[in-house]
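Peer 1: Okay, structure incoming, though there's no sequence with it:
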């Protein structure tokens with residue numbers, strides 16, 4: 001599972017974050033976030049957080065990207081009780097769809113609530129997904145929706161991706177679905193951003209510079 005962002009680390013992305021929809025999402029759901037401080041300070045504070053246990057921590061090297069994964073104890077921003085609340089911070093390379101196929105390095109910040117595999121938890125996770133959309137969607141310029149069915153036609157995952165004008169890369173995606181290895185249900189919030197001069201910024205495509 002290492003190096004793979006859970007469920008749907010889909011098309012997302014994020015020049016200052018104060019007073020933006022991103023800040024609203026971060027304040028509502030993340031115990032700590034990098035959108036009102038330097039990115040290095042965010043990592044250092046997270047390392048010292050008594051409620052957060054780091055399971056994997058890999059510094060960036062010439063051959064590898066930064067990766068941190070851990071779990072929270074006694075922190076739950078959701079309206080159901082997860083079996084586990086996990087945080088992943090993963091650096092990755094993307095290739096823009098411009099004529100030069102420009103390479104860029106971004107950060108994925110992902111909060112994952114994992115619930116046991118029963119009908120009550122499935123409904124709770126779906127409800128959390130809808131609650132997020134109802135409370136946060138209006139802050140964004142637009143959004144897209146997608147879903148996945150099983151072989152019987154039953155919906156087993158739903159995804160909303162949120163955009164901020166005039167940027168073509170969306171900064172936030174949410175999803176609920178089933179983890180295939182355990183059949184646990186998950187609700188996932190993913191934020192993507194670029195770190196420039198130690199600050200989080202929107203990811204801007206070459207033609208938007």
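Peer 2: Perfect, I can see it now. If you're wondering where the values come from, they're calculated on a predicted model, not measured in any experiment. Numbering: from 1, shown residues only.

Peer 1: now stretch 130-150: how far from the chain's centre is it?
Peer 2: Stretch 130-150 sits 14 Å away from the centroid of its parent chain (CA atoms, centre = their mean, to the nearest Å).

Peer 1: in that stretch, what counts as buried?
Peer 2: Going by neighbour count (16 or more other CB atoms under 10 Å), the buried part of stretch 130-150 is 132-133, 136, 140, 143. Placement of C-beta: from N, CA and C, glycine included.

Peer 1: what's the answer for stretch 95-107, then?
Peer 2: 96, 104, 106-107.

Peer 1: now do stretch 80-92
Peer 2: Buried residues in stretch 80-92, counted by 16+ other CB under 10 Å: 80, 82, 85-92.

Peer 1: repeat for stretch 30-50
Peer 2: Neighbour count says stretch 30-50 has 30-35, 39, 42-43, 46, 49 buried, by 16+ other CB under 10 Å.

Peer 1: Need the residues you listed in a markdown table (columns: distance to residue 63 and secondary structure).
Peer 2: Formatted as a markdown table, the buried residues of stretch 30-50 follow (distance: CB to CB, whole Å; DSSP: H, G, I helix; E, B strand; the rest coil):
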| residue | distance to residue 63 | secondary structure |
| --- | --- | --- |
| 30 | 30 | coil |
| 31 | 31 | coil |
| 32 | 28 | coil |
| 33 | 28 | coil |
| 34 | 24 | coil |
| 35 | 29 | coil |
| 39 | 21 | helix |
| 42 | 24 | helix |
| 43 | 20 | helix |
| 46 | 24 | helix |
| 49 | 29 | coil |
